[in-house]
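Asks: Turn this into a structure:
(chains A and B, ligands or ions: 2)
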Amino acid sequence: MTGKKTDTAAGRYPGYDVLERMDEWDSHTREIVRERLGPFPNRRILTEREWAYLSIIAGHLVYDNRADIIEWIVSHCDRKLADETGEGERKKGVPPEKFLIREGLKAMDHAAQLSYGSEFGALDINQQFQMLADLQMGKAAHIPQWSMVPQKALFNKLVSEMVSAYYSHPTIWSEIGYGGPMYPQIYVRIEEGLTEPWEAGANGK
Amino acid sequence: MENRDYVKHNCDHYSGHRYAHMNNRKYGSKEVDVCIVGAGAAGSVLACELSRAGLEVVVIEAGPFWNPQSDFASDELAMQKLAWNDTRVVDGRDPLSMGHNNSGRGVGGGTVHFTGVFYRFHESDFRTRSIDGVGEDWPISYQDLEPYYRKIEWDIRVSGPRYFPWGAFHGPYPYPERVPISANAQVFRRGCAALGIRSTVAPLAILSAPFDGRPPCTNRGFCNQGCMPNAKYSALIHHIPRAIGYGAEILSDSMVTRVLTDKSGERVTGVEFVHDGQTYRQEARLIIISAFAVETPRLLLNSATSRHPGGLANSSGLVGKYIMPHTGHDIYARFDDEIRFYKGTPVLAVSQEFYETDPQRGFARGYTFNAHGSRPVSMAKTLASGAGIWGKQLREIMIDFNFYARVTLVGEVLPAPDNMVTLSEEKDEYGLPRALVNFSYGENDNKMIGHGVAMANEILRAAGGRPAFVVPDTAHLHGGCRMGSDPQKSVVNRFCQSHDIPNLYICDASVFVTSGGANPTETVMAIAARTADHLIDSMNKGRPQREPVSTAGYSS
Ligand SMILES: Cc1cc2nc3c(=O)[nH]c(=O)nc-3n(C[C@H](O)[C@H](O)[C@H](O)COP(=O)(O)OP(=O)(O)OC[C@H]3O[C@@H](n4cnc5c(N)ncnc54)[C@H](O)[C@@H]3O)c2cc1C
Ligand code: SF4
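Replies: Ligands and ions are numbered 1, 2, ... in the order given. I've put the predicted structure just below:
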């Protein structure tokens, strides 16, 4: 992916790194967050091709192309699908998430063939974006597979998981000036205009 | 959904004993007085009160017995494990989001990751049919619950404002109101003041001063991830340890799959449960189902017999019907200065100015506003899945994360028979049909949402914000086994006893007749405390109570 996404990547708080306070966190939280920095476990359930596709999609959905962060996102998806902890809820008529994503990725290739004459992975970036936008609206090229893997459900599953993982990455926390984990330390300055000495500086300064 | 955490949990707990197996049961081969299904808000209060009165109690809970220090973390993603994640099939025009948004799983139930906003219902909530011609009247009144509201507030030291302007109860609360309040709460109160709308500091099941070896809140803001300092009430750290102290046995990681009846079908005799792939039985003189508004109906429906072909306690055909969430719409505004709404207890200021029916608004009943902080995952995820924002636009919004304030609209949803829990075709890992949860907002609900969203935007604008986006959502769940006096129109009576089977009780959020316009858990717990009193009277064991029960100044 090309030159996009660099302007926002620095964020408002260039000197702020939430990881600097990592030693203050409780050990359980520290362990959980450290895992997001890699190295990541081997693929558990995704095929190589699925992994590559989810990486492309993740980059577009969260609008970022930093390889380490994308790898964390896809690794999170891999673990989630392998764990089978349950989906909380699933709309009637939508297949279980593993099937939805697996078959959904294949269907995206078919639809891409119809619309653009090549597989999703071989489309240019604008076409890939457009396809994702079409999925969100349920407007991708008409193919029978969509009756088994509803487009909107596929899009929603991908976007919820990937966005959740992205905003769980400490680099992103630093960029948006989020205080991050907070225990056993405490906040005493919670009112308007007040910040703790270790927090990101007020209004990015 | 067996627990696969790396932390090993015990599954059998009673005073002085904890085991990771079922071989040393306290009451294993015995018919106990009471078996409670679900160790959530209601089940835990029942367990505590009934065992304190000398009854033999076994509580069976599907999820783990959490240890806040080693199981909880300051992390949104990882703490989704506190939810009931087992898949529910959802349908309707407004399919519910379940999981972390809706229900807990594990000892403490929903109270482990709830926000701790703690309201009494208003007097009018129990009589909406008589007063407003909507919904249905409850078979109990506010006055019936009043002593139990008071008791619960004292038992867990609710903190709240010196004067609470709305409803029948104006304070004071046992513990002083929280100071300071967060920037997000300040902004909300400022907006309200500018418009002449009354607001207060939130009444909270969160300590403002030490109690019972627990510290006051440290404002870390992770209430929905489980409170690590134990400043927030949860049944896990309050009622369950007490119940154990009074002699109860708690089985965790144990999923009840069936309620058993005798041959005649006139009495329940026990339950069947699965732990670690093994099926066990617990016999009891009396069974209380406290498994929340989805699993309670599901368990009753899944326990059908030839004598009860439509499921237990279901001669009315109403088991599973009339479920009601609250509206949970999140209204965001962008400010020029930082708010940093990740800091502080998420809800620290509220208003119930729009709670009661106002005929001029064109809809019945009303709502509560909670000034409601957020964290990155919850904000970004709901923007993506609820408001359809992703890619560059989402990234740009989230770069300004610190500049948003948020208000949540907790609105009353009227009961409708088509909003219901039934059984789907799909089976879960125990071979039981999954719940199918159908929900659509009605006309009155949608009018109320329109009003509430517009009003929240006005408040935020008056505080200097620019309305940014509204994320449609729901919160909480009630109904499915409504209480009533008429066995044809309700599932349980005013004491939560099923009309059909005298020794089968149902006591949790599912007995609600209407949803009220405020967070429900204080009412869930008050109903449980009242049911406990009734059972202690009626079971009349003649055993001495272990502690005198007084009506004022409860100390536990
Ligand atoms: C994110 C969130 C925030 C909330 N914030 C607030 C708030 O601020 N204020 C408020 O008043 N309320 C709040 N609530 C709502 C509150 O959590 C519920 O109202 C309350 O927990 C309901 O109590 P209950 O006893 O009916 O069920 P629960 O507390 O859900 O307990 C039910 C228990 O039964 C167990 N169970 C279910 N089926 C079985 C089975 N078959 N076998 C064994 N065990 C079983 C479950 O695992 C669970 O532990 C919030 C809820 C959520 C999810
Ligand atoms: S804000 Fe307070 S109550 Fe909530 S988790 Fe933090 S310490 Fe606990």
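
Asks: Distance of the spatially most central residue of chain A relative to ligand 1?
Replies: Using Cα atoms, centre = their mean, the residue of chain A that lies closest to the mean C-alpha position is residue A:162, 2.5 Å off. Distance, residue A:162 to ligand 1, by Cβ to the nearest ligand atom, to the nearest Å: 22 Å. To be clear about C-beta, it is placed using only N, CA and C from the backbone, and glycine gets the same treatment.

Asks: who touches the helix or strand harbouring that residue?
Replies: Here residue A:162 sits within helix A:151-166, counting by DSSP states H and E. Here helix A:151-166 makes contact (Cβ atoms under 8 Å, 6 or more residues apart in numbering or on different chains) with A:54, A:57-58, A:61-62, A:64, A:69, A:72-73, A:76-77, A:80, A:91, A:94, A:97, A:100-101, A:104, A:107, A:132, A:134-140, A:172, B:76-77, B:377, B:380-381, B:384-385, B:390, B:394.

Asks: Contact partners for the residue in chain A that ligand 1 sits nearest to?
Replies: Residue nearest to ligand 1 within chain A (Cβ to the nearest ligand atom): residue A:88, separated by 10.8 Å. With contacts defined as Cβ under 8 Å, 6+ apart, the neighbours of residue A:88 are B:83, B:84, B:85, B:87, B:88, B:97, B:98, B:99, B:100, B:101, B:102.

Asks: Go through those and name the one nearest chain A.
Replies: Distance ranking of those against chain A, using Cβ to the nearest Cβ, places residue B:99 first at 2.4 Å.

Asks: Tell me where the stretch 451-556 of chain B has strands.
Replies: Under the criterion DSSP state E, counting those that start in this stretch, strands of the stretch 451-556 of chain B are mapped to B:466-471, B:474-480, B:504-506.

Asks: need the longest helix for chain A.
Replies: The residue-count maximum for a helix in chain A (DSSP state H) belongs to helix A:97-116.

Asks: Could you point out the helix or strand that follows that one?
Replies: Of the helices and strands lying after helix A:97-116 in sequence (DSSP H and E), the nearest is helix A:125-137.

Asks: okay, now residue B:105: neighbour count?
Replies: As a burial measure, residue B:105 scores 28 neighbours (other Cβ atoms under 10 Å in any protein chain shown).

Asks: Determine whether the claim that residue A:42 is in a strand is correct.
Replies: No. Membership of residue A:42 in a strand is not supported by DSSP: H, G, I helix; E, B strand; the rest coil, which gives coil.

Asks: Please tell me how far it sits from ligand 2.
Replies: Distance of residue A:42 to ligand 2, computed by Cβ to the nearest ligand atom: 35 Å.

Asks: Quick one: low-confidence residue ranges for chain B.
Replies: B:1-8, B:541-556 (pLDDT under 70).

Asks: Likewise for chain A?
Replies: A:1-10, A:202-205.

Asks: Which residue is it, in it, that comes closest to chain B?
Replies: For chain A, Cβ to the nearest Cβ, closest residue to chain B: residue A:88, 2.4 Å.

Asks: Tell me, how many residues neighbour the closest residue to residue B:495 other than its chain neighbours?
Replies: Excluding the flanking residues, the one nearest residue B:495 by Cβ to Cβ, 6 or more residues apart in numbering or on different chains is residue B:534, at 4.4 Å. Residues lying near residue B:534 (other Cβ under 10 Å) number 16.

Asks: Save the contacts of residue A:88 as JSON lines, and put in distance to residue B:290 and secondary structure too.
Replies: JSON lines is the format used below for the contacts of residue A:88 (distance: Cβ to Cβ, whole Å; DSSP: H, G, I helix; E, B strand; the rest coil):
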{"residue": "B:83", "distance to residue B:290": "18", "secondary structure": "strand"}
{"residue": "B:84", "distance to residue B:290": "14", "secondary structure": "coil"}
{"residue": "B:85", "distance to residue B:290": "20", "secondary structure": "coil"}
{"residue": "B:87", "distance to residue B:290": "22", "secondary structure": "coil"}
{"residue": "B:88", "distance to residue B:290": "18", "secondary structure": "strand"}
{"residue": "B:97", "distance to residue B:290": "23", "secondary structure": "coil"}
{"residue": "B:98", "distance to residue B:290": "18", "secondary structure": "coil"}
{"residue": "B:99", "distance to residue B:290": "20", "secondary structure": "helix"}
{"residue": "B:100", "distance to residue B:290": "20", "secondary structure": "helix"}
{"residue": "B:101", "distance to residue B:290": "20", "secondary structure": "helix"}
{"residue": "B:102", "distance to residue B:290": "16", "secondary structure": "helix"}
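
Asks: of those residues, closest to ligand 2?
Replies: Distances from ligand 2 to the contacts of residue A:88, taken as Cβ to the nearest ligand atom, are shortest for residue B:100 (15.0 Å).

Asks: The closest one - how many residues pack around it?
Replies: Using other Cβ under 10 Å, the number of residues around residue B:100 comes to 20.

Asks: Residue B:210: neighbour count?
Replies: Residues lying near residue B:210 (other Cβ under 10 Å) number 12.

Asks: An error on my part: the question was meant for residue B:475.
Replies: Neighbour tally, residue B:475, other Cβ under 10 Å: 22.

Asks: try residue B:188
Replies: 31.

Asks: Spatially nearest residue to it, not counting backbone neighbours?
Replies: residue B:371 (3.5 Å).

Asks: Any residue of the one helix or strand the one you found maps to touching ligand 2?
Replies: Under the criterion of DSSP H and E, residue B:371 resides in strand B:367-372. No. Against ligand 2, strand B:367-372 shows no contacts by Cβ under 6 Å from any ligand atom, the least distance being 12.7 Å.
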